[in-house]
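> take this sequence and fold it.
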Amino acid sequence: MIQLKQGDITAMEVEAIVNAANSSLLGGDGVDGAIHRAGGKAILDACIEIRNRQGGCSTGEAVITTGGKLPARYVIHTVGPVWNGGNQNEEALLASAYRNSLRLAAENQIKSIAFPNISTGIYHFPKQKAAEIAVNTVQGFLAKSNAIEKVIFVCFDAENYGIYEEILRE
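Residues are numbered from 1 along each chain as shown. Modelled structure (predicted):
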C-alpha cells in the first residue's frame, strides 16, 4: 500500500501527485517549480482560477487541479509550514497538509497518489521529523479508509530516501 521511490515526482505514473506549493499557488522553486514546468500552462491557469475564487491556499490546506501534461491526471497542491523552531504549530500543520491531500484524493476517487517531501527544502522542516509525520499521517489515514490503494513517497535526494526507508522498515 505504501511504496518508496527515489526520483522525479513529475514522472510518476499515478492518478495524482502532490505539489509542495506556496500559498500563492503560482509556482515557485523546488518541486513546485518542477511540477509547473513539466505540467504546463493548464496547471497555472487552474491555480489562478482557484486564487481568483478563494485567494490562494492556506498552510495545511490542499486544492486540486488538472495534471496538465504530466502522466498524473491531477495535482493536489498543499502548503506545508515553514519551520520556525517548532513553536508555531509546524508539526500539526504538516500533518494537516498530508491529511487534507489524502482527503481531497479520496473525495475525487483517486486510488493512487505520490507525495514529495513536503516542507523539507526551502521551508527547512527537519527531514527526520517531517518523514515521521508524513508516514504516521498516511498510515493513520489508510487505517481508517480504504479509498486510496497506493501511496508513494517520492524522495528527490538520497538523504530523504534513507530516512523514509528506515522509518518504513520499523
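
> how about the helices in the protein?
All helices of the chain, identified by DSSP state H, fall at 30-39, 41-54, 90-107, 127-144, 158-169.

> run a quick neighbour tally on Gly30.
17 (other C-beta atoms under 10 Å). The way it works is simple: take the backbone N, C-alpha and C, and place the C-beta from them, glycine included.

> can you pull the contacts of the most centrally placed residue in the chain?
Central residue of the chain (C-alpha atoms, centre = their mean): Val18, 3.5 Å from the mean position. Val18 makes contact with 9, 62, 75-78, 101, 113-116, 118 under the criterion C-beta atoms under 8 Å, 6 or more residues apart in numbering.

> biggest separation within these, which pair?
Ile9 and Ala62 (15.5 Å; C-beta to C-beta).

> compare the two (neighbour count), which wins?
More crowded of Ile9 and Ala62, by other C-beta under 10 Å: Ile9, with 27 against 23.

> that one contacts Ala114, doesn't it?
Yes - Ile9 lies in contact with Ala114 (C-beta atoms under 8 Å); the separation is 5.7 Å.

> so what's in contact with the two at the same time?
Shared contacts of Ile9 and Ala114, counting by C-beta under 8 Å, 6+ apart, come down to 17-18, 154.

> using a markdown table, lay out the residues you listed together with distance to Ala134 and pLDDT.
Listed next are the shared contacts of Ile9 and Ala114 as a markdown table, based on distance: C-beta to C-beta, whole Å; pLDDT from 0 to 100:
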| residue | distance to Ala134 | pLDDT |
| --- | --- | --- |
| Ile17 | 15 | 98 |
| Val18 | 10 | 98 |
| Val154 | 11 | 98 |
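
> same list (those) but as CSV, adding distance to Leu4.
Shown next, in CSV, are the shared contacts of Ile9 and Ala114 (distance: C-beta to C-beta, whole Å):
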residue, distance to Leu4
Ile17, 15
Val18, 15
Val154, 8
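
> now, which of these sits nearest Ser96?
Val18 (13.2 Å).

> average pLDDT for stretch 162-170?
The predicted model assigns stretch 162-170 a mean pLDDT of 96.

> take the shared contacts of Ile9 and Ala114 and keep only those in strands.
Using DSSP state E, 17-18, 154 are the members of the shared contacts of Ile9 and Ala114 that sit in strands.

> correct me, but Leu26 touches Cys47?
Yes - look at Leu26 against Cys47 with C-beta under 8 Å: they come within range, at 6.4 Å.

> the more surrounded of these two?
In terms of neighbours (other C-beta under 10 Å), Cys47 is the more surrounded of Leu26 and Cys47; the figures are 23 against 14.
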